[in-house]
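Chemist: A predicted structure for the sequence below; I have some questions about it.
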Protein chains: 4
Amino acid sequence: MLITYYSQSGNTEKLAQEVAKGAKSIENVEVKLLSIDQVKESDLLDASAIIVGSPVYNANVAPAVLEFINSWPFEDRPLKNKIGAAFSTGGGISIGEELVMLNILHSMLIQGMIVVGGEETEAGFGASAVTGEGPFDGGEMNELFLKKGFGLGSRVAKLVAKFPAD
Amino acid sequence: MLITYYSQSGNTEKLAQEVAKGAKSIENVEVKLLSIDQVKESDLLDASAIIVGSPVYNANVAPAVLEFINSWPFEDRPLKNKIGAAFSTGGGISIGEELVMLNILHSMLIQGMIVVGGEETEAGFGASAVTGEGPFDGGEMNELFLKKGFGLGSRVAKLVAKFPAD
Amino acid sequence: MLITYYSQSGNTEKLAQEVAKGAKSIENVEVKLLSIDQVKESDLLDASAIIVGSPVYNANVAPAVLEFINSWPFEDRPLKNKIGAAFSTGGGISIGEELVMLNILHSMLIQGMIVVGGEETEAGFGASAVTGEGPFDGGEMNELFLKKGFGLGSRVAKLVAKFPAD
Amino acid sequence: MLITYYSQSGNTEKLAQEVAKGAKSIENVEVKLLSIDQVKESDLLDASAIIVGSPVYNANVAPAVLEFINSWPFEDRPLKNKIGAAFSTGGGISIGEELVMLNILHSMLIQGMIVVGGEETEAGFGASAVTGEGPFDGGEMNELFLKKGFGLGSRVAKLVAKFPAD
């Protein structure tokens, strides 16, 4: 499975690392963690699951992440029936964390992918982290969000172990 | 698998019937087609996949459909890892057909379900039908939309055949 | 202007009261605070602005709130060009607070209303409050969210003072 | 007021021209029609209303349009209280036309803008056009969609005439 992300400040990378830790906690699943500019088409085609992470920019997915998704192979829909999931980081509560996860899932649905969220109800759309408002302002990323990242990775890896791609 | 819908005008019921036809076209999958008021908790628990259909009311899911979803068993998350999908009918183009399918999928993601769309790219979020505007005004539901319904049912049934519930 | 809400646990009511406080802080604006079952059609027709609040139920607006919105007068679109805004309360971070505010705004856009968010960037879609997860678990509603409610009320009231209805 | 768009195939440009025609049909409103790469910061700051159009790419706004929006001045929120609206063109019915309009509006709400849709109920989120599926496949853009574009332009222009910026 492939976990890929775009990160300017390092927050989305940090969350990506937790997603990868969660995925690696499941046996017999191969896990690749790459920033989006490192991903080759073969990485996408070989993966049974793809998890994409983006920061929130003006309540939308980062343009670089959308350009990346728009570059995925589409002819004959080779990504159809692969598992897809998402994570996001934003600078305030309810400023687009939900929307960014969902907008990534929307693109995956158009590709024909099968879409899932994280382990807990509170990560239903994937893993999100808030940095920069109220109790989450400054300092380290809250343990709460790291746990959602870990749970997203482990849940998707469990599904990959159970339902290997054709 | 369970296909369930709410229909006032008959349009959503008509689309539901096409979804059921599509599902029944796949071998070895048991298909139940029920209006939401006929569904018992055991129907939900027994199903490997649940497909929900709603008309568009003011760009949102019909309240009766949301009440139905809110009544689903939640304790211990018994619907987790079941497959979920959606369909919608609306009285104009781009007045909420996308939103209604997606809002149903959002509820399913919160339940921990695994979410998919229809067969074609043009049914990425599920099957939608427009009645009541331009070329779709009056008369029968356009063949285009019936085909999306059929494709949604057959796609979900194929996934059920491949990945039976635990 | 009318501020109206549905509240089971009291959280949405508490936020509604802050929205009302904010609105009343602006001079020369008449403010009504009513639960949705107290609202008469004349309250809607007389208002220059309508602010609606709902708890998050399975990532969607509470069915009672949608039934309320679906009952609004639609013939000849008497609510067109009124100002609309929204607030929401949810039991976890990123479990639907954004979606509930936006889904209320979507219904208002279908009615032809003019839609705004709160005072701060962090209240772009309206005022949201999280109760029940992490630092927001238990006890009083965090001051952070009360401030967003106050700011939403004062912002909308300022717009009403500036742009009275026809 | 400023109408601005990104267009690869020419469809979004065509719809933009109709939006501009609609805007120009209202007296005493200055209308600029520019592709996004022609827009200078002063065009944004001078405008009382900004209408943005994008094609649908994988159910999301075109990355170039989001980059454009992300470049808008944010410090001290100089676009706050300007009117915002959106239009979109997509290659199939319900493949993201709603989402693209709404995602543009979400960014505008984060900027503090006041957001509106088109003239008719069927253009509640703005003007959308479908090219490339069923009755809309091939040939000219359907008159239905051009009318929504015109109505969006005229509605926003009427609001600008009534509520000039500070």
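Modeler: Yep, that arrived. In this text, all values refer to a predicted model and were calculated from it rather than measured experimentally. Numbers count the residues shown, from 1 in each chain, chains lettered A, B, ... in the order given.
Chemist: Ends of stretch A:53-71, what's the gap?
Modeler: In stretch A:53-71, first residue to last residue: 16 Å (C-alpha to C-alpha, to the nearest Å).
Chemist: Say whether chain B is contacted by it.
Modeler: No. Judged by C-beta under 8 Å from any C-beta of the partner chain, stretch A:53-71 and chain B are separated, with a smallest distance of 13.2 Å. The C-beta positions use only the backbone N, C-alpha and C, and glycine is treated the same way.
Chemist: Report the buried residues of that stretch.
Modeler: Within stretch A:53-71, the residues that count as buried by 16 or more other C-beta atoms under 10 Å in any protein chain shown are A:53-69.
Chemist: next one: it to chain centre, how far?
Modeler: Taking C-alpha atoms, centre = their mean, to the nearest Å, the mean C-alpha location of stretch A:53-71 is offset from the chain mean by 11 Å.
Chemist: count of neighbours near the closest residue to residue A:82 other than its chain neighbours?
Modeler: Once flanking residues are discounted, residue A:82 sits nearest to residue A:113: 5.2 Å by C-beta to C-beta, 6 or more residues apart in numbering or on different chains. Neighbour count of residue A:113, defined by other C-beta atoms under 10 Å in any protein chain shown: 24.
Chemist: how far away is the residue lying closest to residue A:121 once chain neighbours are set aside from residue C:64?
Modeler: Counting by C-beta to C-beta, 6+ apart, the nearest residue to residue A:121 once its immediate chain neighbours are dropped is residue B:110, at 6.1 Å. Applying C-beta to C-beta, to the nearest Å, the value for residue B:110 to residue C:64 is 19 Å.
Chemist: residue farthest from the centroid of chain A?
Modeler: residue A:134 (24.7 Å; C-alpha atoms, centre = their mean).
Chemist: for that residue, what are its contacts?
Modeler: A:93, C:135, C:142, C:144 (C-beta atoms under 8 Å, 6 or more residues apart in numbering or on different chains).
Chemist: Farthest-apart pair in those residues, please.
Modeler: Using C-beta to C-beta, those span at most 10.7 Å, a distance reached by A:93 and C:135.
Chemist: quick one: which of these two has more around it?
Modeler: Set residue A:93 next to residue C:135 and count neighbours by other C-beta under 10 Å: residue A:93 wins out with 27 against 13.
Chemist: which ones are touching the more buried one?
Modeler: A:130, A:133, A:134, A:136, C:93, C:97, C:122, C:128, C:130, C:144.
Chemist: residues of the longest helix seen in chain A that come out buried?
Modeler: Scanning chain A for the longest helix, with DSSP state H as the assignment, gives helix A:143-162. Neighbour-count burial for helix A:143-162, counted by 16+ other C-beta under 10 Å, picks out A:144-160.
Chemist: can you check stretch A:137-144 too?
Modeler: Neighbour-count burial for stretch A:137-144 [16+ other C-beta under 10 Å]: A:141, A:142, A:144.
Chemist: If we check chain C, which of those are in contact?
Modeler: Filtering the buried residues of stretch A:137-144 for proximity to chain C by C-beta under 8 Å from any C-beta leaves A:142, A:144.
Chemist: if we can go back for a sec, who are the neighbours of the longest helix of chain A, in terms of helices and strands?
Modeler: helix A:11-24, strand A:49-57, strand A:83-90, strand A:127-130 (3 or more C-beta pairs under 8 Å, 6 or more residues apart in numbering or on different chains; DSSP states H and E).
Chemist: Now mean pLDDT too, for the ones you listed, in TSV please.
Modeler: Listed next are the helices and strands packed on helix A:143-162 as TSV, based on pLDDT from 0 to 100:
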stretch	mean pLDDT
helix A:11-24	98
strand A:49-57	98
strand A:83-90	98
strand A:127-130	97
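Chemist: how about the ones you listed, which one is nearest residue B:86?
Modeler: With C-beta to C-beta, the closest approach to residue B:86 among the helices and strands packed on helix A:143-162 belongs to strand A:83-90: 16.7 Å.
Chemist: Would you mind writing the CA trace of that closest one as PDB?
Modeler: The C-alpha trace of strand A:83-90 is given here as PDB (Å, rounded to 0.1, in the frame of the first residue of the first chain):
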ATOM      1  CA  ILE A  83      -8.900   1.100  -1.700                       C
ATOM      2  CA  GLY A  84      -8.600   4.800  -1.100                       C
ATOM      3  CA  ALA A  85      -8.400   6.900   2.000                       C
ATOM      4  CA  ALA A  86      -7.400  10.500   3.100                       C
ATOM      5  CA  PHE A  87      -5.900  12.700   5.800                       C
ATOM      6  CA  SER A  88      -5.700  16.400   6.200                       C
ATOM      7  CA  THR A  89      -4.100  19.100   8.500                       C
ATOM      8  CA  GLY A  90      -5.500  22.500   9.000                       C
END
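Chemist: Spell out which residues belonging to chain A are near chain B, please.
Modeler: A:77, A:81, A:102, A:105-106, A:109-112, A:114-117, A:121, A:124-125, A:159, A:162-163.
Chemist: Please check these and keep the buried ones.
Modeler: A:81, A:102, A:105-106, A:109-112, A:114-117, A:121, A:124-125, A:159, A:163.
Chemist: Give me the subset of the residues you listed that lies in strands.
Modeler: Judged by DSSP state E, those include A:114, A:115 as members of strands.
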